[in-house]
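# prediction below, plus the sequence it came from.
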Protein chains: 2
Amino acid sequence: MIKIGILGGGQLGYMFLQNALQYPCEISILDPAVDAPCAPHAHHFVQGDFKDYDTVVKFGKNLDAIGIEIEHVNVEALRYLKSIGKKVVPDPEALAIIQDKGVQKAFYTQNNIPTAPYFELDNWEDFKSKSDVNYPIFQKSKKDGYDGKGVQFIKSEADFNKLLQSPSIFETPADLDREIAVVTVADHLGNIVTYPTVEFVINEEYNLLDYLLIPSSLSKDVTDRAEEIARDVVKALNSPGVFAVEMFLNKDQSIWVNETASRVHNSGHSTIEGAYSSQFDQMLRTLMELPLGSTKLFTTSAMVNLIGAEGETGPAEIENVDTLLQIPGTFLHWYAKAITKPGRKMGHVTLVNDDIEQLKQNIKQVNETIRVVAKK
Amino acid sequence: MIKIGILGGGQLGYMFLQNALQYPCEISILDPAVDAPCAPHAHHFVQGDFKDYDTVVKFGKNLDAIGIEIEHVNVEALRYLKSIGKKVVPDPEALAIIQDKGVQKAFYTQNNIPTAPYFELDNWEDFKSKSDVNYPIFQKSKKDGYDGKGVQFIKSEADFNKLLQSPSIFETPADLDREIAVVTVADHLGNIVTYPTVEFVINEEYNLLDYLLIPSSLSKDVTDRAEEIARDVVKALNSPGVFAVEMFLNKDQSIWVNETASRVHNSGHSTIEGAYSSQFDQMLRTLMELPLGSTKLFTTSAMVNLIGAEGETGPAEIENVDTLLQIPGTFLHWYAKAITKPGRKMGHVTLVNDDIEQLKQNIKQVNETIRVVAKK
């Protein structure tokens, strides 16, 4: 029985675990939080810091394969585990590229992957004296950026006081039509498969992400190019694993790679219901060195994040589940986090429907129905 | 957070748990085996005998809802738990009907449900002196029959030495065209939904079950009648829960109910991949009193049991998983049982394919590929 270890025990590990239980394998989870969602459900749970070299080595050395559900883990420890014969997915060298936005941007440039023009500054204060800046510009912290953290929008010199005080890249904003992503999977033999392109649909009233749609509503020309770019990225990374290549589709229909996640990703969640093999199933297959699953879709699906409501902090509770599940083709994924905070990802809802107009109506209804609050 | 308890921690509880984790609930499992498949994965695992009154009452009294994944549990304890306000699914009275084949047959007769002619004898020895028996005839033990156990085929008086020495029913054999089943779900409000009819396809060479097919290849007339009968059974049982109504389709195309399972069932396994909501999802919904899920199918699917190979007893191992998963549209469910024995259900494979001829070829390939053996 293959022994698999996962660094991180949050919602991604949780959905991985739900699927992995049906395979002949034994799962250990490492997470610093004793109440991590995975803690009660894995074969073995180890409380510890996945950023710490010794902790990760100790965790991995009696296992066969080590994967991640979060990227900010100790790469040196993974390099060591690989050197002693452990299967590590993704490859530590791929992870090292992804972890540092400067290295990641250089990687795209070296491999002729289209990406936004940028420059990097190890000393952020040098930005102030730089004479050739075209505003507005995005500052992105090289390390530890996550879910919009570590990103600053600099409109002009008047925003100098907002500058992040860390080594950064400075990037030209896209002339954005919309954001898209392609979840891409590579096995240990170098076989690569892609899911159809995912489209991030924005709520125009609030200018916020409304839902993710797969397959996207975009032309075959665009999705073919997007999927080819995603393949190129993953081929160049030269690593097995699940990757989400996030891209900007510019108004002139050119595509820039924004960033790549070297793990299962929010943009692939609705593959659980919508696809033959989900991204979580593929993650397990890459760890067990099994043949990749089919990325074919059963149906069109959409994914809506469940975010902790404003002004609500405390023991989490979800309102109107009953009403939610009366909406045809809805599936709830509650992430089993004890505490809700404003903006925290607490779960998601997948909706399936072959009729896109009906799907949109159902999404609207989901958004009007469900709320994550603190228990009174 | 609703607290749910399940009596039994085998493969049915295991697949229930995989799905239930995505809902806001907390799952406790009661099973006598400390190495039951569910033991490491539930929120709480209690080792104990679900046939024992005190054990079941103690297990259930601090929970909100109690379900089953095995039928041979203490009904008296469930009656008590219901009387103190616990939600019990299925209703203890429905379970009491199902547990005793004599009571179950009388229930069909009283409710005008078509079933094979039969008589019952509390003293099995009376059979020998009965003068009006039409041979051949099936003897079925009233209690504790399970998976073909407790059933004896009596061809003539020469088989008297084979008689089961227990209170029994004696049933006229069907003039069998094929076996079918309809998985049927009822909620606490009396709403009833059915999945499409499942067909048991027999391997004619070996005269053994080859695979289950959903939807079946049968005519709409037959499946409409089967689904109506299944509804009638569940309506008469007057209980929420998931039920599998197993039926004989006779050569004259009449239908007889063979028996009803008052829980998720082998014949519904491929609803995990093939249907919007699986039977395990419905089980959770009935326990949480959520709206029933959609029984609509994404695609045609088949289910092949993985049975421990002849002559192999010991720590279980599955051969050729790699080859198996190269067959398009295959999904493995390994039940995480430590020990394999000849004939023991160790897992199953679901196959999906809209092309029925291709599906049959793939099933053949699965049957030729996979083997469950004891570790050498």
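Arrived safely.
# can you pull out the helices in the stretch 1-150 of chain A?
A:11-20, A:53-60, A:75-83, A:92-99, A:101-110, A:126-129 (DSSP state H, counting those that start in this stretch).
# for chain B, which of those is the nearest?
helix A:11-20 (5.1 Å; CB to the nearest CB). C-beta coordinates here come from the backbone N, C-alpha and C atoms, glycine included.
# contact partners of that closest one?
Contact with helix A:11-20 is made by A:4, A:6, A:27, A:29, A:31, A:36-38, A:41-42, A:67, A:69-70, A:263-264, A:269, A:272, A:278, A:280-281, A:283-284, A:333, A:335-337, A:345, A:347, B:18-19, B:21-22, as judged by CB atoms under 8 Å, 6 or more residues apart in numbering or on different chains.
# with stretch A:335-348 instead?
Counting by CB under 8 Å, 6+ apart, A:10-11, A:14, A:35, A:37, A:266, A:269, A:303-318, A:332-334, A:372-374, B:21, B:24 sit against stretch A:335-348.
# can you get me the start-to-end distance on that stretch?
8 Å (CA to CA, to the nearest Å).
# give me the neighbour count for A:Ala338.
12 (other CB atoms under 10 Å in any protein chain shown).
# show me which of the contacts of stretch A:335-348 are buried.
A:10-11, A:14, A:37, A:266, A:269, A:303-304, A:306-309, A:312, A:316-318, A:332-334, A:372-374, B:21, B:24 (16 or more other CB atoms under 10 Å in any protein chain shown).
# list the buried residues of stretch A:123-131.
A:124, A:127.
# end-to-end on it?
15 Å.
# with stretch A:65-74 instead?
Using CA to CA, the two ends of stretch A:65-74 sit 16 Å apart.
# burial count for the residue in the stretch 201-350 of chain A that chain B sits nearest to?
When scored by CB to the nearest CB, the stretch 201-350 of chain A has A:Phe298 as its residue closest to chain B, at 4.0 Å. A:Phe298 has 18 neighbouring residues, counting by other CB under 10 Å.
# buried residues, stretch A:343-354. List them.
A:344-353.
# how about the residues you listed in CSV, adding pLDDT?
Shown next, in CSV, are the buried residues of stretch A:343-354 (pLDDT from 0 to 100):
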residue, pLDDT
A:Arg344, 93
A:Lys345, 93
A:Met346, 96
A:Gly347, 97
A:His348, 97
A:Val349, 98
A:Thr350, 97
A:Leu351, 97
A:Val352, 96
A:Asn353, 94
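# one step back: among the contacts of stretch A:335-348, name the ones in strands.
A:303-307, A:314-318, A:332-334, A:372-374 (DSSP state E).
# gap between the residue of the stretch 201-350 of chain A closest to chain B and A:Ile214?
11 Å (CB to CB, to the nearest Å).
# just give the closest residue to A:Ile214, not the sequence neighbours.
Distances taken as CB to CB, 6 or more residues apart in numbering or on different chains place A:Val198 nearest to A:Ile214, at 4.7 Å, with adjacent residues excluded.
# count of neighbours near the one you found?
Neighbour tally, A:Val198, other CB under 10 Å: 31.
# run through the bridge partners of it.
A:Ala181 (DSSP bridges).
# these two touch, right, it and A:Ala181?
Yes - A:Val198 is within contact range of A:Ala181, at 4.7 Å (criterion: CB atoms under 8 Å).
# so what sits against both of the two?
Going by CB under 8 Å, 6+ apart, residues that sit against A:Val198 and also against A:Ala181 are A:212, A:267.
# ok, stretch A:252-265 near chain B or not?
No - on the criterion CB under 8 Å from any CB of the partner chain, stretch A:252-265 is out of touch with chain B, staying 15.0 Å away.
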